[in-house]
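*Asks:* Here you go, sequence then predicted model.
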2 protein chains.
Amino acid sequence: MRKVKIQDIAEKSGVSPTTVSRYFNRPDLLSQETQEKIQAAVKELNYSQDNLARILVTGKSNLVGVIFPHLHLSFYTELLNQLIKQGKEKDYSFIVYTSHDSKKEELELIDKLISYRVKGLILLSHILNSEEIEKLDMPVISIERPGGNFRQINNDNFTGGKLAGEQLIRDGCEVFIHINNGYHEDWPSFKRIVGFELSIKDRPKEICIDEKLTDPYSEMASEAIQSLLNHILREYNGKKLGFFCSNDDIANLLQRECIKKRIAIPQDIEIIGYDNSPVSDYAVYPITSITQNISLMARIVIESLDHYIPHESVVPASLIMKNTTLSPE
Amino acid sequence: MRKVKIQDIAEKSGVSPTTVSRYFNRPDLLSQETQEKIQAAVKELNYSQDNLARILVTGKSNLVGVIFPHLHLSFYTELLNQLIKQGKEKDYSFIVYTSHDSKKEELELIDKLISYRVKGLILLSHILNSEEIEKLDMPVISIERPGGNFRQINNDNFTGGKLAGEQLIRDGCEVFIHINNGYHEDWPSFKRIVGFELSIKDRPKEICIDEKLTDPYSEMASEAIQSLLNHILREYNGKKLGFFCSNDDIANLLQRECIKKRIAIPQDIEIIGYDNSPVSDYAVYPITSITQNISLMARIVIESLDHYIPHESVVPASLIMKNTTLSPE
DNA sequence: TTGAAAGCGCTAACAG
DNA sequence: CTGTTAGCGCTTTCAA
């Protein structure tokens, strides 16, 4: 299958393998004449480099590993999309894994990545804790994960939650409901709740946590949101409700139930999502959402691979007004 | 960074590097005693293999390249999801690219994959034609692409379209509309249209093609579907309409417009999508859809990597009844 | 401006 | 059951 190597084109063009290597890496060191000879041979034999051999000897790899919890959330697929797109310019290639599973399996995945000599690891899954990550003998860039002595890129979740609360207040909501699929106090996304609660002060509120919402495309999730909505409607009959959801997919799920119940959006119920992902635009009523600026996150990731300095970056959050909140006068 | 190699643990355990190598590849050839010695050393030094070196010498790689047109379609992300999941068992790792772009860029991507010595290439993009693919010096598995002398895995699109048409007839639709983002007669998905048209015979029909629907998450797409629906409603006022969309995302887009116009689904309009992807379940009225059996496709892909024999596989299509068509008595 | 030699980390003969 | 030797395809000294 693969046959033509540097040796072959060395012979063809009457120079040494070293010179051919230099043609690719330091062409400026070669005479015009040799360059042309080599170029001709490369074309004729349709030679293409062997990156593995090169990585082996130089120790410099452009392979990057990415581990997602799953791919059923727009935030993840959009981030992947941006990583691939922006990584292309710097010649990075991404090995993608998902890890729904055990700690043991995640460590095996990472080991496999190491065995492929990846330049770094982009981590979105929540299975490993900080100490375990710090033990890894490679650059790790975590996204929306609890901190530690590695590179972290997080959204300004606090401001995100605060912006949501403020908007709902401005629009005259009387009860404030946060829907989330689970939280830990050390997760960056926990700050959304903090910011939200702070902004609504002592107004009536409900914080609804349900792990069934983790995979919003499941039937379980659908049922969970249904009974949640029923509960809230019963409890706060006649009041204007302001919902703040931990992601757009959940917000969309909620909107769907509201439509089925013929509740007027945004007159009787307002909804604010998180991520400003395609689904939020794609919903029946495009969903007002907090943007995480995924493309900026991706850019910082790529940059961090080149210059790895463990610390946290916070990417600003902002409110994107759409049709599930009142439009400003 | 990376230091401990086979040599180190050979010294540590007092055997030759070869023996250590055998410990990983043919442990059955070693005595119990040596195995234990080596195991101890491996643990102590926290050794992990170097796959690149191994690929270099054996010529056998478990890296697989995947090229998608983009990642904004559930069919793509779900396929990727399944590939990663099912590939894990056979120890495959996937390098993922998207290629919105030029033929030149796509060939560069493929060249890069070759330079990483991938075992094979999974191709979903439509940029290269069959001859160009055949020229590639590696196993190529194409999915939903025109054929050629390589491995193809396609859905039984003809039956898929036919099933959709038959259902709409059964439900009493009077006008039959197919919505598509574009087609070529040699694409497998063209057969959906053929099967659909055949099943509805001489009944009133419209075949609507609009490239703006290619990325259904764009604003353009949204506007396109809106004016399309307006046109149809004007033209066939009072008739029951049966829509067959080329994918679930478009079907969802269409449903959204129907809801806004307060058209009764499935009484006045029926909608059938394609892919049976998460969005179809996630829509306000879960969308009746043709399943491509993505997980089966993924399984065949994985299988084909091990036993590469150029030919076409056709994966059966079937109709999944949900809420945008009448439920059977 | 070019080449010879050594070696990246590993495994496949072949031998014992 | 284990070790010796050679070499995967490339780059990096060092020397000319």
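*Replies:* Looks like it came in fine. In this text, all values refer to a predicted model and were calculated from it rather than measured experimentally. Residues are numbered from 1 along each chain as shown, chains lettered A, B, ... in the order given.

*Asks:* Chain B versus the residue nearest to residue A:268 when sequence neighbours are not counted, what's the distance?
*Replies:* Computed as C-beta to C-beta, 6 or more residues apart in numbering or on different chains, the closest residue to residue A:268 that is not its neighbour in sequence is residue A:240, at 6.2 Å. For glycine as for every other residue, the C-beta is placed from the backbone atoms N, C-alpha and C. For residue A:240, the distance to chain B equals 22 Å [C-beta to the nearest C-beta, to the nearest Å].

*Asks:* Could you pull up the residues touching residue A:240?
*Replies:* Shown in contact with residue A:240 (C-beta atoms under 8 Å, 6 or more residues apart in numbering or on different chains): A:172-175, A:267-270.

*Asks:* repeat that for 6 Å
*Replies:* The contact partners of residue A:240, by C-beta atoms under 6 Å, 6 or more residues apart in numbering or on different chains, come to A:172-174.

*Asks:* Show me which residues of the stretch 51-200 of chain A sit near DNA strand C.
*Replies:* Counting by C-beta under 7 Å from any atom of the strand, the stretch 51-200 of chain A comes close to DNA strand C at A:53, A:56-57.

*Asks:* Contacting chain B as well, which ones from those?
*Replies:* Among those, the ones lying near chain B by C-beta under 6 Å from any C-beta of the partner chain are A:53, A:56.

*Asks:* Quick one: the residues of the stretch 51-200 of chain A next to DNA strand C as TSV, columns for distance to residue A:251, pLDDT and neighbour count too.
*Replies:* Listed next are those as TSV, based on distance: C-beta to C-beta, whole Å; pLDDT from 0 to 100; neighbours: other C-beta atoms under 10 Å in any protein chain shown:
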residue	distance to residue A:251	pLDDT	neighbour count
A:53	50	96	17
A:56	48	94	16
A:57	51	95	9
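
*Asks:* Out of the residues of the stretch 51-200 of chain A next to DNA strand C, the closest to residue B:160 would be?
*Replies:* residue A:53 (45.6 Å; C-beta to C-beta).

*Asks:* Give me the nearest residue to the closest one, chain neighbours excluded.
*Replies:* Closest to residue A:53 by C-beta to C-beta, 6+ apart is residue B:56, at 5.8 Å.

*Asks:* and that neighbour, which of the three is it?
*Replies:* helix (DSSP: H, G, I helix; E, B strand; the rest coil).

*Asks:* Residues contacting stretch A:40-57, please?
*Replies:* A:4, A:8-9, A:12-13, A:61, A:117, B:52-53, B:55-56, B:111, B:114-117.

*Asks:* Say whether DNA strand D is contacted by it.
*Replies:* Yes - counting by C-beta under 7 Å from any atom of the strand, DNA strand D is contacted by stretch A:40-57 at A:49-50, A:53-54, A:56-57.

*Asks:* And that stretch, how far out from the chain middle?
*Replies:* Taking C-alpha atoms, centre = their mean, to the nearest Å, the mean C-alpha location of stretch A:40-57 is offset from the chain mean by 34 Å.

*Asks:* Quick check: residue A:52 vs residue A:61, distance?
*Replies:* Distance of residue A:52 to residue A:61, computed by C-beta to C-beta, to the nearest Å: 9 Å.

*Asks:* The two: which has the busier surroundings?
*Replies:* residue A:52 (23 against 19; other C-beta atoms under 10 Å in any protein chain shown).

*Asks:* The spatially closest residue to that one that is not a sequence neighbour sits in which helix or strand?
*Replies:* By the measure of C-beta to C-beta, 6+ apart, the closest residue to residue A:52 outside its immediate chain neighbours is residue B:52, 4.9 Å from it. If you go by DSSP states H and E, residue B:52 is part of helix B:51-58.

*Asks:* does chain B sit close to the helix or strand of chain A with the lowest mean pLDDT?
*Replies:* Least confident element among the helices and strands of chain A, by mean pLDDT, DSSP states H and E: helix A:278-282 (a mean of 84). Yes - legend: contact between helix A:278-282 and chain B by C-beta under 6 Å from any C-beta is shown at A:278, A:282.

*Asks:* can you pull the buried residues of that helix?
*Replies:* For helix A:278-282, a neighbour-count test (16 or more other C-beta atoms under 10 Å in any protein chain shown) marks A:278-282 as buried.

*Asks:* What about the closest residue to DNA strand C within the stretch 151-300 of chain A? Give its phi and psi, please.
*Replies:* Distance from DNA strand C to each residue of the stretch 151-300 of chain A (C-beta to the nearest atom of the strand) is smallest for residue A:151, at 24.5 Å. Note on residue A:151: its backbone torsions stand at phi -80, psi 130 [degrees, to the nearest 10].

*Asks:* What residues does it make contact with?
*Replies:* When contacts are counted by C-beta under 6 Å, 6+ apart, residue A:151 touches A:141, A:304, A:310.

*Asks:* Quick check: which element contains the second one?
*Replies:* By that I understand residue A:304. helix A:294-306.

*Asks:* Counting by contacts, list what that helix packs against.
*Replies:* Applying 3 or more C-beta pairs under 6 Å, 6 or more residues apart in numbering or on different chains; DSSP states H and E, one finds that helix A:294-306 makes contact with helix A:74-89, strand A:151-155, strand A:312-315.

*Asks:* For the stretch 1-150 of chain A, what lies in contact range of chain B?
*Replies:* A:48-49, A:51-53, A:55-56, A:71, A:77, A:81, A:84, A:93-96, A:98, A:111, A:114-117.

*Asks:* Could you find the closest non-adjacent residue to the residue of the stretch 151-300 of chain A closest to DNA strand C?
*Replies:* residue A:141 (4.5 Å).

*Asks:* The one you found looks like it's in a strand, true?
*Replies:* Yes - assignment of residue A:141 by three-state DSSP places it within a strand.

*Asks:* Need the three-state assignment for the nearest residue to residue A:256 once chain neighbours are set aside.
*Replies:* Using C-beta to C-beta, 6+ apart and skipping the chain neighbours, the partner closest in space to residue A:256 is residue B:284 (4.7 Å). Of the three states, residue B:284 takes coil under three-state DSSP.

*Asks:* what about residue A:235, distance to DNA strand D?
*Replies:* Residue A:235 is 67 Å from DNA strand D, where distance means C-beta to the nearest atom of the strand, to the nearest Å.
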